[in-house]
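Participant: quick one: sequence and predicted model below, then my questions.
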Amino acid sequence: MTEPATKTMNMIEAINSALDVMLAKDPEVVIMGEDVGYFGGVFRATAGLQKKHGKTRVFDTPISECGIIGVGVGMAAYGLRPVPEIQFADYIYPGLDQLVSEAARMRYRSANDFICPMTVRSPFGGGIFGGQTHSQSPESLFTHVCGIKTVIPATPYDAKGLLIAAIEDNDPVVFFEPKRIYNGPFSGYYDRPVEPWSKHDGSAVPEGYYRIDLGKAAVVREGQAVTVLTYGTMVHVVKAVVAEHGIDAEIIDLRTLLPLDIETIEASVKKTGRCMVVHEATRTSGFGAELAAQVQERCFYHLEAPIERVTGFDTPYPHSLEWAYFPGPVRLARAFDKIMKD
Amino acid sequence: MVHGIKDNLAPLHLHVPEPKFRPGDKADFSDIIVPEVDAITRPDEHASPADIHALAYGLVRVLGDDNQAVGSWNPGLDADTLRAMLRKMLLLRAFDDRMFRAQRQGKTSFYMKSFGEEATSVATTMALHSDDMCFPSYRQQGILITRDYPLVDMMNQIYSNSGDRLKGRQLPIMYSAKDYGFFSISGNLTTQYPQAVGWAMASASRADTRISAVWCGDGSTAEGDFHSALTFAAVYNAPVIFQVVNNQWAISSFSGFAGSERTTFAARAIGYGIAGLRVDGNDALAVFAAMQWAANRARTNGGPTLIEYFTYRGEGHSTSDDPGAYRAAEEYALWPLGDPVTRLKDHLIAIGAWSDEQHEALILELSDFVKASQKEAEQKGILGHGLHHPMETMFEDVFEEMPWHLKEQCEQMLEEQRDKFGPEWEAR
Ligand SMILES: Cc1ncc(C[n+]2csc(CCOP(=O)(O)OP(=O)(O)O)c2C)c(N)n1
Ligand SMILES: [Mg+2]
């Protein structure tokens, strides 16, 4: 057997390819959202899909996130597999009731009579001077809701495989795409030019169908000194800082926040004896709090230092002071210093 | 899909709206009905909503083809007022041009113009009292300009610089100016709609005399907040004026995705039992007249009005957008209702109160004024060049009093800056 054909893709192209593959493979898949049809989405994630698959498979919607997600629940009840796009994660809130009270509980409250195999895609995160309404990282709002899976890719390869698995999943999935790394990974040094994905691992993407199972983390760097649990844009910032400071860190890209790959986490922390959790989202009640709790419940007697959390600050995302807010190389370096000293 | 198909029934099919023209097409607006001036005469300001349904489907106009102001809606403004209106609209246009260019020059992250829609923020504001409360969307910078808010302050906000009254926190153009009756702009569409109703309900409940006015775009009418607002306003007879700036486009989506294939936006009022007016949004006098009618009505406990301004978004959605990717190139040039600035100018000339020479001179004067303001603003910095509010301000105003965790985080941030920039940073 020959290897499947791969192509160099950035994250947008990989997402587009996943949607294309699933539209072709499964007639029940439909894509909808603001500006996703003819135009192909404000980030171009759905470019060309309406033309190829038709207007009843890929279509624009009214500007109503409550409507988009509510209609998705209804389509799923009929038997379709809707993949709505919310233009920015910051605009998902009007759709929360449909997501939290409806989609997430459909299977449970109807005792499997109705299910909701819907994947809500949405660009999230900052680092683009988008101000407080184009920069938020609200993932922990969703991991807190019982019945929703939350997935965040960090490379084009993972984005495609995870998105396909999310679409095939029979439960609702919130799929947050780190928009800062759509075109290339981000080292955290905002004054350096963006290097395109083509120069980096994870950009060789099979053109056809493949899936990466939900609930499986990836060890993106093996190490002995400290385990770093992270996801999305921060995977790349952590990688850059670790390389720069020569830290023997084991970096785990969670990929799926819920259900969490607890085995991979536990094995790594027991090996290294140190654990740092890193996310861009605000600190208090962020997903890092859950990670820290899980780690201390399972690995307490292996820990040689307190768990460190490196996060955004507990303020709305500021515009001009974006880089003082962002958990960049300096914040990470300080945390590594601290955790390695203890 | 064959679920449930019965052999004697024709299959259903899904309608997905499609705009008439796409890139490469020649736009043709001959199907847009432009009624005669005064096709529907101005009703009493206390007319029952049930008796004026036709106004929700018509088009209030004042400026006729001969550029004269005629008919029952003519607000009868004197030449000074008309010239002031033109001046504001031209200033807005000059400001937009300059700031758009500043973004292109890398001086800030983002900008949005209101080209082609200037009347809907300028003429409307002139018809309000200066202490009435405005709840704008992101495209009504004309309100601030009409109320003489300093251009330099607007620019400081756009640059997020050390003079920015909003301390660099907000995306450019998301102003806030309570002293000028201008509510803090949200990036989240249509949230201002119920808020304007609440403000109006509060004013009514305190036997105040001020009313509120709120703006949103055609696309934004789809949000649930729009409908909640209309329900509340109808229930409490709130002194609020709802305005829908129907500029035909919502980023790449034409107004059909907000329901315009079936009815007008003004006709949304009918189901709620409130007054609805559909207005030629490029006719500044009609816009003024409609707002004046609605304001008088609201101020005398006649309740809410929904006004649709039928207009056209002359340029891209924002600096992040290229409309050439989704709509026909010539649409604005072919727009049957013309350009609001040109039409007001032609009217002033037609009544002998203005000339082409005066017009050109005014454009130059305003352009110089905008340039001088820009120079002044840039002394306080442009985005990303170091002149911003002190970093500690990032943690202020989350709450009235800063809790311990924010104090800790603020300390941490300052230590990070020292690590990053060395001890000299301390002496900044
Ligand atoms: C809740 C929410 N959803 C989506 C967006 C993204 N968005 C910003 S402007 C816009 C289009 C709005 O169009 P319209 O209401 O017609 O106003 P216009 O831009 O034409 O003035 C969209 C979808 C947003 N800002 N907020
Ligand atoms: Mg619009």
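Facilitator: Structure received. Ligands and ions are numbered 1, 2, ... in the order given.
Participant: pLDDT weak spots in the stretch 201-342 of chain A?
Facilitator: Judged by pLDDT under 70, the stretch 201-342 of chain A has no weakly predicted residues.
Participant: in it, which spans are strands?
Facilitator: Assigned strands in the stretch 201-342 of chain A, in chain order: A:204-206, A:218-221, A:226-230, A:249-253, A:256-258, A:275-282, A:308-312 (criterion: DSSP state E, counting those that start in this stretch).
Participant: pick the most deeply packed of those.
Facilitator: Ranked by mean neighbour count, the strands of the stretch 201-342 of chain A are led by strand A:226-230 with a mean of 28 (mean count of other CB atoms under 10 Å in any protein chain shown). For glycine as for every other residue, the C-beta is placed from the backbone atoms N, C-alpha and C.
Participant: can I have that strand written out in CSV, keeping just the CAs?
Facilitator: Taking C-alpha atoms only, strand A:226-230 is exported to CSV below (Å, rounded to 0.1, in the frame of the first residue of the first chain):
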residue,chain,number,x,y,z
VAL,A,226,8.9,19.0,34.3
THR,A,227,5.6,18.2,32.7
VAL,A,228,3.8,21.1,30.9
LEU,A,229,0.1,20.7,30.2
THR,A,230,-1.1,23.1,27.6
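Participant: strand partners (parallel or antiparallel) of it?
Facilitator: Paired neighbours of strand A:226-230 in the sheet (DSSP bridges): strand A:249-253 (parallel), strand A:275-282 (parallel).
Participant: quick one on the thing from earlier: and the strands of the stretch 201-342 of chain A: which comes nearest ligand 2?
Facilitator: Ranking the strands of the stretch 201-342 of chain A by their distance to ligand 2 (criterion: CB to the ion) puts strand A:275-282 first, at 31.9 Å.
Participant: next, the angle from that closest one to strand A:308-312.
Facilitator: Orientation check (axes from the mean of the first three to the mean of the last three CA atoms, to 10 degrees): strand A:275-282 against strand A:308-312 gives 20 degrees.
Participant: contacting residues around the single nearest residue of chain B relative to ligand 2?
Facilitator: When CB to the ion is the measure, chain B has its nearest residue to ligand 2 at B:Gly217, with 3.6 Å between them. The contact partners of B:Gly217, by CB atoms under 8 Å, 6 or more residues apart in numbering or on different chains, come to B:Ser137, B:Arg139, B:Leu189, B:Val244, B:Val245, B:Asn246, B:Asn247, B:Ala250.
Participant: from the residues you listed, which are also near chain A?
Facilitator: B:Leu189, B:Ala250 (CB under 8 Å from any CB of the partner chain).
Participant: surely B:Met391 and B:Gln412 touch.
Facilitator: No. The pair B:Met391 / B:Gln412 is not scored as a contact, 11.4 Å apart, by CB atoms under 8 Å.
Participant: who's more crowded, these two?
Facilitator: Counted by other CB atoms under 10 Å in any protein chain shown, B:Met391 and B:Gln412 do not tie: B:Met391 has more neighbours, with 19 against 13.
Participant: domains of the chain?
Facilitator: Going with chain A. Each domain of chain A is listed here as a residue range: A:6-181, A:215-341, per automatic domain parsing.
Participant: chain B is the one I meant
Facilitator: Taken from automatic domain parsing, chain B resolves into B:49-378, B:391-427.
Participant: looking at the ones you listed, which is buried most?
Facilitator: On a mean-neighbour basis (criterion: mean count of other CB under 10 Å), the most buried of the domains of chain B is domain B:49-378, at a mean of 21.
Participant: endpoints of it, how far apart?
Facilitator: Taking CA to CA, to the nearest Å, the span from the opening residue of domain B:49-378 to its closing residue is 50 Å.
Participant: and it, how far out from the chain middle?
Facilitator: 4 Å (CA atoms, centre = their mean, to the nearest Å).
Participant: check whether that domain comes near ligand 1.
Facilitator: Yes. Part of domain B:49-378 sits close enough to ligand 1 to count as contact by CB under 6 Å from any ligand atom, namely B:139, B:187-189, B:216-220, B:245, B:247, B:249-251, B:313, B:317.
Participant: would you list the contacts of B:Gly217 in TSV and tack on pLDDT?
Facilitator: As requested, these are exported to TSV (pLDDT from 0 to 100):
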residue	pLDDT
B:Ser137	98
B:Arg139	98
B:Leu189	98
B:Val244	98
B:Val245	98
B:Asn246	98
B:Asn247	98
B:Ala250	98
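Participant: any idea which of the contacts of B:Gly217 is closest to B:Ala233?
Facilitator: Distances from the contacts of B:Gly217 to B:Ala233 were compared by CB to CB; the smallest belongs to B:Val244, at 13.8 Å.
Participant: doesn't B:Ala222 make contact with that closest one?
Facilitator: No. Here B:Val244 lies out of contact with B:Ala222, judged by CB under 8 Å, at a distance of 11.2 Å.
Participant: if we go by neighbour counts, what in stretch A:126-146 is buried?
Facilitator: If you call a residue buried by 16 or more other CB atoms under 10 Å in any protein chain shown, then stretch A:126-146 has these buried ones: A:126-127, A:129-143, A:145.
Participant: helices - which of those land there?
Facilitator: Where the buried residues of stretch A:126-146 overlap with helices, as defined by DSSP state H, the overlap consists of A:Glu139, A:Ser140, A:Leu141, A:Phe142, A:Thr143.
Participant: quick check: closest non-adjacent residue to the third one.
Facilitator: Nearest residue to A:Leu141, sequence neighbours excluded (CB to CB, 6 or more residues apart in numbering or on different chains): A:Leu96, at 7.8 Å.
Participant: give the contact list for A:Pro123.
Facilitator: If you count contacts by CB under 8 Å, 6+ apart, then A:Pro123 has A:Phe43, A:Gln87, A:Phe88, A:Ala89, A:Phe176, A:Glu177, A:Pro178, A:Lys179, A:Tyr182 around it.
Participant: recalculate using a threshold of 10 Å.
Facilitator: Under the criterion of CB atoms under 10 Å, 6 or more residues apart in numbering or on different chains, the neighbours of A:Pro123 are A:11-12, A:15, A:41-43, A:45, A:85-90, A:130, A:134, A:176-180, A:182.
Participant: next one: B:Phe310
Facilitator: Under the criterion of CB under 10 Å, 6+ apart, the contact partners of B:Phe310 comprise B:32, B:34, B:59-60, B:120, B:218, B:244-248, B:255, B:264-266, B:278-283, B:286, B:336-337.
Participant: report the beta-bridge partners for it.
Facilitator: Judged by DSSP bridges, the bridge partners of B:Phe310 are B:Asn246, B:Asp280.
Participant: I'd like to know how far it sits from ligand 1.
Facilitator: Remark: distance between B:Phe310 and ligand 1 (CB to the nearest ligand atom, to the nearest Å) = 13 Å.
Participant: hang on, the earlier thing: could you dump the contacts of B:Gly217 into JSON lines and include distance to ligand 2?
Facilitator: Output for these, formatted as JSON lines (distance: CB to the ion, whole Å):
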{"residue": "B:Ser137", "distance to ligand 2": "9"}
{"residue": "B:Arg139", "distance to ligand 2": "8"}
{"residue": "B:Leu189", "distance to ligand 2": "10"}
{"residue": "B:Val244", "distance to ligand 2": "9"}
{"residue": "B:Val245", "distance to ligand 2": "7"}
{"residue": "B:Asn246", "distance to ligand 2": "7"}
{"residue": "B:Asn247", "distance to ligand 2": "4"}
{"residue": "B:Ala250", "distance to ligand 2": "5"}
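Participant: what about chain B, any weak spots by pLDDT?
Facilitator: B:1-5, B:425-428.
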